[in-house]
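**Q** Any chance you can model this:
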Amino acid sequence: MGLWHKPYHVTIEVENNNCRVIKALASYGLKQVKVIDVRASDRGAVKHLVLIPPSQLKQVPVDVLRKAKADMQYLWLESEGCDVCGLILAYGAFLVSGRNIDSSAIMYSFMVPDFSIYQRIIADLEKAGYHVNVKRISKFEHKRNFLTEKQEHLLWLALKSGFFDYPRRIGVRELAAKIGVKPSTFSETCRRALRRLVEHYFGGDSP
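**A** Purely as a prediction, here's the structure:
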């Protein structure tokens with residue numbers, strides 16, 4: 001799977017006062033806005049799901065609400081991202097999600113091809129002046145059970161990337177492109193792996 005032979009799933013907390021979406025919302029005079037989720041879009045930008053107190057929703061310009069497809073006080077806003085997102089994405093890693101902890105701290109979850117990429121991202125963030133707190137880091141380990149290593153590897157990447165979430169955080173084409181396989185290869189390997197899991201669960205092969 002290309003470079004993704006020893007992938008890691010990383011969660012970090014970063015003091016980030018330069019988020020463009022937060023700054024844009026502040027320019028409207030909004031306060032106590034919460035970033036609930038951060039996702040990479042299929043256009044190379046970054047989408048933020050923000051929660052705005054109902055009493056302040058009227059302060060958001062109508063054109064922004066229309067473009068953001070607002071659902072009550074929940075808005076999806078898209079931007080080019082901040083330096084933190086840029087540094088994470090620059091090394092071939094991809095952002096899974098993020099959420100606001102307080103007024104300036106944001107929790108980012110992302111995938112990296114290997115441990116050295118993780119180290120470079122953290123080093124670059126700290127070099128840029130960000131305070132980084134690594135909350136969790138996990139790597140793929142083959143369980144050597146009834147799935148092949150390739151099948152288990154792909155399902156692990158799909159799970160950690162949000163492929164099985166609802167709504168889906170990443171689609172087939174985007175995930176396949178990230179890990180260096182064809183969409184058809186991803187779909188077929190995933191289908192075979194899920195079939196094996198179901199057959200194992202129900203205790204036997206299907207006719």
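
**Q** element containing the closest residue to residue 100 other than its chain neighbours, please.
**A** In space, and not counting its chain neighbours, residue 100 is closest to residue 35: 3.7 Å by C-beta to C-beta, 6 or more residues apart in numbering. The C-beta positions use only the backbone N, C-alpha and C, and glycine is treated the same way. Assigning secondary structure by DSSP states H and E places residue 35 in strand 34-40.

**Q** Neighbouring strands of that strand in the sheet, and parallel or not?
**A** strand 46-51 (antiparallel) (DSSP bridges).

**Q** Now the strand it pairs with - C-alpha only, CSV.
**A** What follows is strand 46-51, C-alpha atoms only, in CSV (Å, rounded to 0.1, in the frame of the first residue of the first chain):
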residue,chain,number,x,y,z
VAL,A,46,-10.6,22.2,5.5
LYS,A,47,-14.2,22.1,6.8
HIS,A,48,-15.1,23.2,10.3
LEU,A,49,-18.4,22.3,12.0
VAL,A,50,-19.1,25.1,14.5
LEU,A,51,-21.8,25.5,17.1
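
**Q** How far does that strand sit from its chain's centre?
**A** 12 Å (C-alpha atoms, centre = their mean, to the nearest Å).

**Q** got it, and stretch 186-197?
**A** Distance, centroid of stretch 186-197 to centroid of chain: 23 Å (C-alpha atoms, centre = their mean).

**Q** Identify each buried residue in it, please.
**A** Buried residues in stretch 186-197, counted by 16 or more other C-beta atoms under 10 Å: 186, 189, 190, 193, 196.

**Q** I figured residue 34 hits residue 48, correct?
**A** No: counting by C-beta atoms under 8 Å, residue 34 stays clear of residue 48, with 10.3 Å between them.

**Q** Between these two, which has more neighbouring residues?
**A** residue 48 (28 against 16; other C-beta atoms under 10 Å).

**Q** ok, for the more buried one, nearest residue in space, not its chain neighbours?
**A** Leaving out its chain neighbours, the residue that sits closest to residue 48 by C-beta to C-beta, 6+ apart is residue 21, at 4.4 Å.

**Q** again, but for residue 192
**A** Per C-beta to C-beta, 6+ apart, closest to residue 192 is residue 151, 6.5 Å.

**Q** who touches residue 161 in this structure?
**A** 94, 96, 111, 169, 170, 175, 178 (C-beta atoms under 8 Å, 6 or more residues apart in numbering).

**Q** Give the bridge partners for the first one, please.
**A** When bridges are called by DSSP bridges, residue 94 pairs up with residue 111.

**Q** Just give the nearest non-adjacent residue to the residue most central in space within the chain, would you?
**A** Centroid check for the chain by C-alpha atoms, centre = their mean gives residue 96 as the closest residue, at 0.8 Å. Nearest non-adjacent residue to residue 96, counting by C-beta to C-beta, 6+ apart: residue 109, 4.5 Å away.
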